[in-house]
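Undergrad: Let's see this in three dimensions:
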Amino acid sequence: MSYEFNPESQVFEFPNPYKVENTALISSGAVMVLAGGLAMILVRERLSQGMDGRAIAVLGISVLLLLLGIGLLARAFTRLRYFFGRNRPANLAPVLPQDKDGDSAPAATYKETLRQNAITYPEPKGPLNGLLYSWLPNLIFAPGVIQRTAQTQFYNFLSLAATFISFLICWLLLGKDSANGWIGLVYGAFAFFQIMRPMMQKPGAPAGGATGAVTDAVQVGIGSLIVLIILAVLGPVLLGMAGSHLPDLGGLSINGVLCVALVCALAGCLVFGLALKNQLQPAPQAVGSARVTETMTMNAHPNKLMEELDRILMTRWFSLIPNRRYTHKTPAVIGSQGKFAAEMLEETQPRPQPNRIASGIGHALSTQQFFWLTCLTGLATVYLIVGAFAAILACRNILGGEPVVTAIAFALSQIAVGMFCYGASHALWGRFDFVSELIWVDISGSYESANVHLGNQLSSNVQTTKNVINIESMTMRVWVSEIDTVIFGKDDARQLIGMRGLQNVADELAGSLKGFGETRSMVVAPTSTQDLDRAQKVGAMNQLMGGPQAAAAGERLAAAIISASTPSPAISSAASPAETPANTYAAKPRFCSNCGTQASGNAKFCGNCGAALGALV
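TA: Next up, the predicted model:
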């Protein structure tokens, strides 16, 4: 997707929303790179004396630290300059070209939302979600990304808490037994595969950006919780029974490391919950759309109304950016009579809401919305830095021939928990709020074809004929709503979170369309200045070549054309003198040569005595 820039409208030049996160990533990445370089310096002397297993192990740790540090720096560097073009955010539905008709299922969903005058919130399902939504009632009004993230992290917290309690029970009961070393290994493996892996995965949106039902995102987690409860009750007994048959680990134990890791992970979940709570908003105070229904009668093709609608909507372009057209249906008129339907659904360019992005660490810490989110990011940075120092300590122990299991386990656990905290906070840092207008016009009715003839067929010199479409009592419905939408990441799907009716806009749009339709003319008349000039020339030629009768006919023709193109007296009285035609023609009175009665200009026989009228008298 390309980036478009307009120096006259820089409303889409966003401040970087990832500024706080980038600072944390650069800090932790730099520490990782320094730790990797220091590990290489430590092993360089050993490599000069010869390659052995200890040197290879330290070299592998240094390479892993360098790769992790460079990866963190790369993530930060790719977001140092944030480009948000005019073609973002994502559309609510597939956009139609200007000359094409079409519709889509997402567009039909939003039209139904306008029709129902309410926002549909999916009902959460599952026992874990029932407990979660009872504690956080306003979570139902949150965007789908926040709801799914809250569900996942709530399960992670329950799993971590159950694992921690079960681990403490086993450790206290069997801490002095031969199975002591196996406690940390068993619970560490369980924590890694059942808890750490789902925590490090980013909760994704539904396929296609659709807002589907909010189900229990971790439905399989109920089985895991049952296993944790069984382990908490029967784990000490099982390990005690199997302790005599398990090989002796020789004093190897990571119980303390696992305990610290679980406490750190629980702290991360708690801080994430506080950050998530600050993202929740109370129930909307006003939800709905403005609706206007009008009936009108017009003598023109119904597509003329759609053309006028297109011109009116063009005046509502925000910052000269074309509206996004999601639905367009051209009325079809086939045959002499029948039914027709037309509609158009458009959205104005979404514009960002101000003061919704943290401009720096100071601003983030002073804002309630970003305070705990900043704390979570800082906590992730601390965990990674501590893990890096633990890795350096492990390298020194390896080269010195000292025990290294505890140091390596501590380094891995701190780095894993730190990466989890970064992944959990990243989705919330990428939030953008937008506001736009959603306009839907629906037209339906029936039509009949007709022919209109204007002018006396026997005596008139000027006649007009036109085939018109007569539409009686056509129904026109207009919905207009100002909608609030949100995205989490500039290329992610946009979600509707609020809507308010704009009654003034709906009334103005319906009134303009009705006024336009009811003032359509069904008479063909000359309107251009060339028509007026040619009518004058025809009158002059007839006067020179056709004699008195032809001259009179030419004058009447020119006068009729000019009078048809001249505004009514009420309008012409308000016009300026410059707008009044310079030359006007008035027909001479006619009188009957038999009885002397004045006759009309177009009559060929006297209305009093019936005698044939001749030349002008």
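Undergrad: centroid residue for this structure?
TA: The chain has residue 494 as the residue nearest its centroid, 3.5 Å off, counting by CA atoms, centre = their mean.
Undergrad: does residue 435 have beta-bridge partners, and which?
TA: Beta-bridge pairing of residue 435 under DSSP bridges involves residue 351, residue 484.
Undergrad: Leaving out chain neighbours, which residue sits closest to the residue nearest to the centre of the chain?
TA: Distances taken as CB to CB, 6 or more residues apart in numbering put residue 485 closest to residue 494, at 4.7 Å, once the chain neighbours are dropped. Any C-beta I mention is one placed from the backbone N, CA and C, and that applies to glycine too.
Undergrad: Surely that neighbour touches residue 436?
TA: Yes. Using CB atoms under 8 Å, residue 485 makes contact with residue 436 at a distance of 7.0 Å.
Undergrad: Show me where the stretch 51-200 of the chain dips below the pLDDT cut-off.
TA: Residue ranges of the stretch 51-200 of the chain with pLDDT under 70: 82-86, 173-180, 193-200.
Undergrad: Which strand or helix spans residue 285?
TA: Using DSSP states H and E, residue 285 is not contained in any helix or strand.
Undergrad: what's the spacing between it and residue 141?
TA: 11 Å (CB to CB, to the nearest Å).
Undergrad: who's more crowded, these two?
TA: Comparing residue 285 with residue 141 by neighbour count (other CB atoms under 10 Å), the higher total belongs to residue 141, at 18 against 7.
Undergrad: so how many other residues sit close to the closest residue to the more buried one other than its chain neighbours?
TA: Closest residue to residue 141 apart from its sequence neighbours, by CB to CB, 6+ apart: residue 283 at 5.6 Å. Using other CB under 10 Å, residue 283 has 10 neighbouring residues.
Undergrad: looking at this protein, which helix or strand is least sure?
TA: helix 569-574 (a mean of 43; mean pLDDT, DSSP states H and E).
Undergrad: Just give the number of residues close to residue 465.
TA: Neighbour count for residue 465, taken as other CB under 10 Å: 10.
Undergrad: any residues touching the helix or strand hosting residue 68, and which ones?
TA: According to DSSP H and E, residue 68 maps onto helix 53-77. The contact list for helix 53-77 (CB atoms under 8 Å, 6 or more residues apart in numbering) reads 21-22, 25-26, 28-37, 39-40, 42-43, 46-47, 384, 388, 391, 394-395, 398-399, 401, 415.
Undergrad: avg pLDDT for stretch 268-286?
TA: Taken as a whole, stretch 268-286 has an average pLDDT of 83.
Undergrad: what sits up against that stretch?
TA: Stretch 268-286 is contacted by residues 119, 136, 138-139, 141-142, 146, 149-150, 153-154, 156-157, 160, 368-373, 375-376, 379-380, 383, 417, 420-421, 424-425, 428, 431, 498, 500 when judged by CB under 8 Å, 6+ apart.
Undergrad: Now for residue 372: which residues touch it?
TA: 271, 274, 275, 277, 278.
Undergrad: longest helix anywhere in the protein?
TA: As assigned by DSSP state H, the longest helix anywhere in the chain is helix 368-400.
Undergrad: Show me which parts of it are buried, residue by residue.
TA: Within helix 368-400, the residues scored as buried using 16 or more other CB atoms under 10 Å are 369-395, 397-399.
Undergrad: got it, and stretch 430-443?
TA: For stretch 430-443, the neighbour count (16+ other CB under 10 Å) marks 430-434, 436-443 as buried.
Undergrad: Now pLDDT too, for those, in CSV please.
TA: Listed next are the buried residues of stretch 430-443 as CSV, based on pLDDT from 0 to 100:
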residue, pLDDT
430, 81
431, 84
432, 84
433, 87
434, 90
436, 92
437, 93
438, 94
439, 94
440, 94
441, 94
442, 94
443, 93
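Undergrad: Residue ranges in the stretch 351-500 of the chain under the pLDDT threshold?
TA: Checking the stretch 351-500 of the chain against pLDDT under 70 turns up 453-464, 466.
Undergrad: all helices for it, in order.
TA: Listed in chain order, the helices of the stretch 351-500 of the chain (DSSP state H, counting those that start in this stretch) span 361-366, 368-400, 405-429.
Undergrad: okay, those helices in CSV with distance to residue 320 next?
TA: What follows is the helices of the stretch 351-500 of the chain, written out as CSV (distance: least, CB to CB, whole Å):
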stretch, distance to residue 320
helix 361-366, 31
helix 368-400, 32
helix 405-429, 31
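Undergrad: Of all the ones you listed, which one comes closest to residue 78?
TA: Checking the helices of the stretch 351-500 of the chain against residue 78 by CB to CB gives helix 405-429 as the closest, at 12.7 Å.
Undergrad: Run the chain-centre distance for the closest one.
TA: Offset of helix 405-429 from its chain centre (CA atoms, centre = their mean, to the nearest Å): 33 Å.
Undergrad: Going along the chain, name the helices of the stretch 151-300 of the chain.
TA: 180-191, 197-200, 221-242, 255-279.
Undergrad: Identify the contacts common to residue 485 and residue 436.
TA: residue 350.
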